[in-house]
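Colleague: Have a look at this prediction, sequence included:
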Amino acid sequence: MLDTPDRAILAAARPIGELLSATASAHPSLPAIDFMGRVWRYADLDRLVDRAARGLQSLGVVRGTRVGLCLPNTPYAVIFYFAALRAGGVVVNYNPLYVERELAHGIRDSGTEIMVTIDLAVIYPKLARVAVQTDLRKLVVCPMAGALPRLKGLLYPLVRRRDIARPGPDPRIVRYAELMRNDGKPAPVAVNADDVAVLQYTGGTTGTPKAAMLTHANITCNCAQVVAGMNLHEPERVLGVLPLFHVFALTSVMNLSVQSASLMILVPRFDLKDLLATIARTRPTMFPAVPTIYTALVAAAATDKSIDIGSIRLCISGGAPLPVETRQQFMALTQCELMEGYGLSETSPVVSFTPPGRPYKNGSVGIPVTGTTIEIRDRENPSRLLGPNERGEICIRGPQVMRGYWNKQEETAASMIDGALRTGDVGYLDDDGYLFLVDRIKDVIIAGGYNIYPRVLEEALYQHPAVQDAVVIGVADEYRGQAPKAFVTLKPGTHSDPATLLAFLKGYVSKIEMPKEIEIRDELPKTLIGKLSKKELIAEEEAKRQ
């Protein structure tokens, strides 16, 4: 028998469009979106979604049609996410910084027929070229100026004309104004909670990206799990600097905001100066982010005492390990709850975090969200379950676990064990049920037959007072096959060198785990959400080797 909280989470399963309909009906006058000072209320948003859904249906969107969204954080990202789902379509999220090869792969692999984008010169031209190479039928182009406050919108084409793309004549192109010119009455579509809602591509750092099939139930249940875990009862002001095409923001910014009638404060890209100005203007109360963003805010506040981010009271960090020092310093600045969480694209994404009021354990990513079971399985014999404090592969059961990978039956079968999702992550549960990550199985460095986990080295480097960011990868080694190499950046105003850092590590890691080399850089590659990225560093080292 399920207990009452688990039953409540399962009862939350419903079509995603109902989240917006319910909130717009109950709270029509509450603000839904703040974008650079322009505000849309929930009634406004619901009407725009109806018009966009009707416009998409006029382009041929029916139940199951894949609709791509290649958009930065703007109101259009929210409008067309809900519109595509309301029209019966399946949303396919695309990173606007993808190169043409990556965009073409996603379009072909998913069968995307309609793509929605924006008239920015860094995004639109790529999609226009890819549209010719693929079976993309229509390209809906939204105007950046149209999303801005009135005066900014008038000045934008003049001041930023080099940033604007101007689509030429092409039967594939549909302009936003044209699409929205309708009666705002989409044809009703029978959508089930078990229908696929989103195709969310995994990072692809270990191979060709795969699309996780996330159902309406997966996403709405995970949203309910996060709302319950964070004990949200009143509307929040949610700072959305994480890109909405990323699964972390999909749940923790967009769906959570709509379910809780909260305000989404959308930031189109992470720029520290702009972010601080937005915080000062909007006074957000909730701030989901990745560790590098929290680190940047801490560093800025250390040099500028006038910075005030004290309105923030709830934060959840994900995407990468959160250094203990960063957490402590950020909480000292804000007096907020900074919770470290864990999740994957395949779990919609949240699996665990430490809820407000629960004891926090350094190095832990918290306890499972309601309705979720975490199993630790023997890596050599996955059928064997391990006990507390035993390290093995983390496997997940819960209503947020994906249906499978799109058009990849073999990969889907390989990702499951006795009905549980195999995460490819190594970790353990302590005696109190807190989850600790050790590393990714796929990222393990095998040096002379010994397994070396990059995370162990990265955590050790973070203990050095001068280290701001640290990444460890495996590089070719003639003697051991592979050896770890570390890349670090230093905090402003500090100094260190590779020899000093190597000497420091001797007190934290074994001789076998010691890096072959430490390279100090001014900056390290990051993904669009600000997560430290190993992919570029691995490619650099491989190019050197060849």
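Modeller: On my side now, so go ahead.

Colleague: ok, what's across the strand from Ala317?
Modeller: Careful, residue 317 is Ser; it's not Ala. Ala289, Glu340 (DSSP bridges).

Colleague: I figured it hits Met339, correct?
Modeller: Yes - the criterion here is Cβ atoms under 8 Å, and Ser317 meets it with Met339 at 7.0 Å. From N, CA and C alone the C-beta is placed, and that goes for glycine too.

Colleague: Name the residues contacting each of those two.
Modeller: Contact criterion Cβ atoms under 8 Å, 6 or more residues apart in numbering; residues shared by Ser317 and Met339: none found.

Colleague: which stretches of the stretch 151-300 of the chain aren't confidently modelled?
Modeller: Flagging of the stretch 151-300 of the chain using pLDDT under 70 yields the residue ranges 203-208.

Colleague: now the strands for it?
Modeller: Along the stretch 151-300 of the chain, counting by DSSP state E, counting those that start in this stretch, strands occupy 173-175, 196-201, 211-215, 237-240, 263-266.

Colleague: Asp431 - how many residues pack around it?
Modeller: Look at Asp431: counted by other Cβ atoms under 10 Å, it has 8 neighbours.

Colleague: Who are the contact partners of it?
Modeller: By Cβ under 8 Å, 6+ apart, the residues touching Asp431 are 388-389.

Colleague: Ok, the one 4 residues further on next?
Modeller: Listed by Cβ under 8 Å, 6+ apart, the contact set of Leu435 reads 342, 351-352, 364-368, 374, 394, 427-429.

Colleague: who wins for proximity to Pro143 among the strands of the stretch 151-300 of the chain?
Modeller: strand 173-175 (7.9 Å; Cβ to Cβ).

Colleague: Can you point out the buried residues in the closest one?
Modeller: Residues of strand 173-175 classed as buried by neighbour count (16 or more other Cβ atoms under 10 Å): 173-174.

Colleague: And Phe248, how far from Met331?
Modeller: Phe248 is 20 Å from Met331, where distance means Cβ to Cβ, to the nearest Å.

Colleague: Looking at the two, which one has more neighbours?
Modeller: Shown here are Phe248 and Met331; by other Cβ under 10 Å, Phe248 has more neighbours (25 against 15).

Colleague: just checking, the more buried one touches Ile529?
Modeller: Yes - counting by Cβ under 8 Å, Phe248 sits close enough to Ile529 to count as a contact (6.9 Å).

Colleague: anything in contact with each of the two?
Modeller: Common neighbours of Phe248 and Ile529, using Cβ under 8 Å, 6+ apart, are 242, 290, 319.

Colleague: Check whether the last one sits in a helix, strand or coil.
Modeller: Right, the one you point to is Gly319. Following DSSP: H, G, I helix; E, B strand; the rest coil, Gly319 is assigned to coil.

Colleague: returning to that earlier point: tabulate the contacts of Leu435 in a markdown table, adding columns for secondary structure and neighbour count.
Modeller: Converted to a markdown table, the contacts of Leu435 look like this (DSSP: H, G, I helix; E, B strand; the rest coil; neighbours: other Cβ atoms under 10 Å):
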| residue | secondary structure | neighbour count |
| --- | --- | --- |
| Tyr342 | strand | 27 |
| Val351 | strand | 30 |
| Ser352 | strand | 28 |
| Ser364 | strand | 21 |
| Val365 | coil | 25 |
| Gly366 | coil | 24 |
| Ile367 | strand | 21 |
| Pro368 | strand | 22 |
| Ile374 | strand | 20 |
| Ile394 | strand | 29 |
| Gly427 | strand | 21 |
| Tyr428 | strand | 18 |
| Leu429 | strand | 23 |
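
Colleague: rewinding a little: ok, so of the shared contacts of Phe248 and Ile529, who is nearest Glu380?
Modeller: Gly319 (29.1 Å).

Colleague: any idea which of the shared contacts of Phe248 and Ile529 is closest to Val130?
Modeller: Lowest distance from Val130 to those (Cβ to Cβ) belongs to Leu242, with 25.1 Å.

Colleague: The residue lying closest to the closest one once chain neighbours are set aside: how many residues sit nearby?
Modeller: Using Cβ to Cβ, 6 or more residues apart in numbering and skipping the chain neighbours, the partner closest in space to Leu242 is Ala249 (3.7 Å). Burial of Ala249 is recorded as 26 neighbouring residues (other Cβ under 10 Å).

Colleague: any weak-confidence spans in this structure?
Modeller: Within the chain, the set of residues satisfying pLDDT under 70 comprises 1-5, 203-208, 442, 448-451, 479.

Colleague: what about the helices in the stretch 151-300 of the chain?
Modeller: Secondary structure of the stretch 151-300 of the chain (DSSP state H, counting those that start in this stretch): helices located at 176-179, 216-230, 247-249, 256-259, 272-282, 291-303.

Colleague: which helices and strands does the first one pack with?
Modeller: The one in question is helix 176-179. Applying 3 or more Cβ pairs under 8 Å, 6 or more residues apart in numbering; DSSP states H and E, one finds that helix 176-179 contacts helix 42-58, strand 138-142.

Colleague: what angle do the longest one and strand 138-142 make?
Modeller: When axes from the mean of the first three to the mean of the last three Cα atoms, to 10 degrees is applied, the directions of helix 42-58 and strand 138-142 differ by 150 degrees.

Colleague: what's the distance between the helix or strand just after helix 42-58 and the middle of its chain?
Modeller: Once helix 42-58 ends, the next helix or strand along the chain (criterion: DSSP states H and E) is strand 66-69. A distance of 18 Å separates the centroid of the chain from that of strand 66-69, by Cα atoms, centre = their mean, to the nearest Å.
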